[in-house]
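**Q** Turn this into a structure:
(one chain, ligands or ions: 1)
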Amino acid sequence: MHIQENVSLKQYNTFGIDVKAAFFASISTVQELIELLSNNKYPDPFIIGGGSNMLLTQDIKRLVIHLNIKGKEIVDASFSDTEVLLKVAGGENWHDFVLYCVGNNLGGVENLSLIPGNVGTSPIQNIGAYGVELKDIFYECEVLHRTTQETRIFSIEECAFGYRDSVFKNKLKNEYVITSVTFRLTKKDHKIMIDYGAIVDTLSRKHIENPTLKDVSDAVIEIRQSKLPDPKKIGNSGSFFKNPIISQKEFDALRAAHPIAPYYPIGSDQIKVPAGWLIEQAGFKGKRYGNAGVHDKQALVLVNYGNASGQEIWNLAIKIQSEVKEKYNITIEPEVNVL
Ligand code: EPU
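**A** Here you go, the predicted structure:
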């Protein structure tokens with residue numbers, strides 16, 4: 001396998017940040033990954049998948065491994081009367097995988113249409129949108145240990161999924177590379193999830209009463225395209241911040257000062273507040289600072305208008321974070337990995 005030197009990572013991260021990798025290799029088999037991870041000449045390599053959840057603020061002096069392992073296989077066609085298990089390689093593009101499912105009458109992922117990134121990184125932050133999270137269709141994943149090169153399987157329980165969270169972001173951060181994910185998908189009696197307001201509105205505008213998987217996927221694509229910038233046209237990483245989860249007491253204080261603040265109760269004592277609302281109210285929506293900016297249709301998304309450096313985007317993120325803290329006494333945390 002060919003190891004290149006001094007390679008720009010601009011096309012490998014959806015923010016389109018032009019930092020350099022000292023060494024770079026794209027791999028398409030698990031065997032190649034094992035070879036590189038065990039090669040002492042390149043200690044502590046940096047693994048990149050779809051590059052959709054990272055902000056690169058500096059050159060990477062190590063080896064960057066681009067995970068490009070492809071393949072999809074039904075490993076159990078009769079997992080239950082209504083479900084199959086589909087194993088998908090980590091380097092498959094997420095949206096291509098969703099379209100494959102929709103086209104082959106496999107249900108469960110249609111609400112997650114058009115999410116940027118690859119299948120292999122989807123469990124790390126338990127990607128989610130429009131009422132569905134990865135954990136709802138996850139069966140297990142296969143991983144490779146970065147230093148011992150041992151392979152093992154993680155069950156759904158072992159992944160410890162939470163809102164934009166998993167064991168791979170916490171206790172086991174940077175320990176494993178996810179090489180494939182096995183999904184539990186419906187082959188009949190699909191559970192169509194259209195509780196989310198925007199989906200209901202889109203379907204009713206199209207006079208669709210009994211939506212198919214494709215109808216739901218099309219609706220989600222339409223909604224996302226109307227709100228979220230296409231990373232191929234304007235660099236971005238989807239939601240830059242997570243929606244903060246605060247206590248009832250903190251929420252009471254917020255509501256006393258700002259009676260119209262939107263919210264979603266979680267359990268008995270926790271409330272999720274849309275960070276997009278906080279950022280918009282703090283006056284940032286649609287604002288541009290040099291080459292960095294806040295998207296004009298969704299304030300949760302930071303954008304690269306062309307040649308922004310990672311540091312420029314990060315400076316804007318810090319400014320937003322501190323103004324939101326000052327105005328609402330709520331800390332918003334980045335959803336993306338800042339490197
Ligand atoms: N809002 C504003 N101004 C904005 C944006 C949002 O006031 O500029 C408020 C509105 O009250 C709106 C509410 O926030 O009703 C929720 O907005 P939206 O439905 O767009 O969802 P979100 O909470 O901002 C989350 C995910 C998105 C996902 C959508 C839809 C996070 C961090 N983000 O955004 O995920 O697509 O829900 O389910 O949870 C991503 O992770 O990259 C991503 C795009």
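**Q** Every contact and neighbour count from this point should use C-alpha atoms.
**A** Will do.
**Q** Surely Val119 touches Phe183?
**A** No. Between Val119 and Phe183 there is no contact under CA atoms under 8 Å: 10.4 Å.
**Q** residues contacting Gly276?
**A** Asn243, Gln298, Ala299, Leu300 (CA atoms under 8 Å, 6 or more residues apart in numbering).
**Q** Can you identify the element that follows the helix or strand hosting it toward the C-terminus?
**A** Assigned by DSSP states H and E, Gly276 belongs to helix 275-281. As assigned by DSSP H and E, the chain's next helix or strand after helix 275-281 is strand 288-289.
**Q** contacts for that following strand?
**A** By CA under 8 Å, 6+ apart, strand 288-289 touches Val294, Leu316.
**Q** ok, now with 7 Å
**A** Val294 (CA atoms under 7 Å, 6 or more residues apart in numbering).
**Q** Quick one: mean pLDDT for the helix or strand that comes right after it?
**A** Downstream of strand 288-289, the first helix or strand assigned by DSSP H and E is strand 292-294. The average pLDDT for strand 292-294 rounds to 98.
**Q** From the contact counts, what lies against strand 292-294?
**A** Under the contact definition 3 or more CA pairs under 7 Å, 6 or more residues apart in numbering; DSSP states H and E, strand 292-294 sits against strand 301-304.
**Q** so how far is whichever helix or strand comes after the strand it packs on from its chain's centroid?
**A** Going down the chain from strand 301-304, the next helix or strand is helix 310-328, by DSSP H and E. Helix 310-328 has its C-alpha centroid displaced from the chain centroid by 21 Å (CA atoms, centre = their mean, to the nearest Å).
**Q** Which residues are in contact with Asp269?
**A** Ser247, Gln248.
**Q** Quick one: name the residues of this structure near the ligand.
**A** 129-130, 238-239, 241-243, 262, 274, 276-277, 280, 297-299 (CA under 6 Å from any ligand atom).
**Q** Just the buried subset of these, written out for PyMOL, thanks.
**A** Buried residues among these (16 or more other CA atoms under 10 Å), as a PyMOL selection:
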select buried, resi 130+238+239+241+242+243+274+276+277+280+298+299
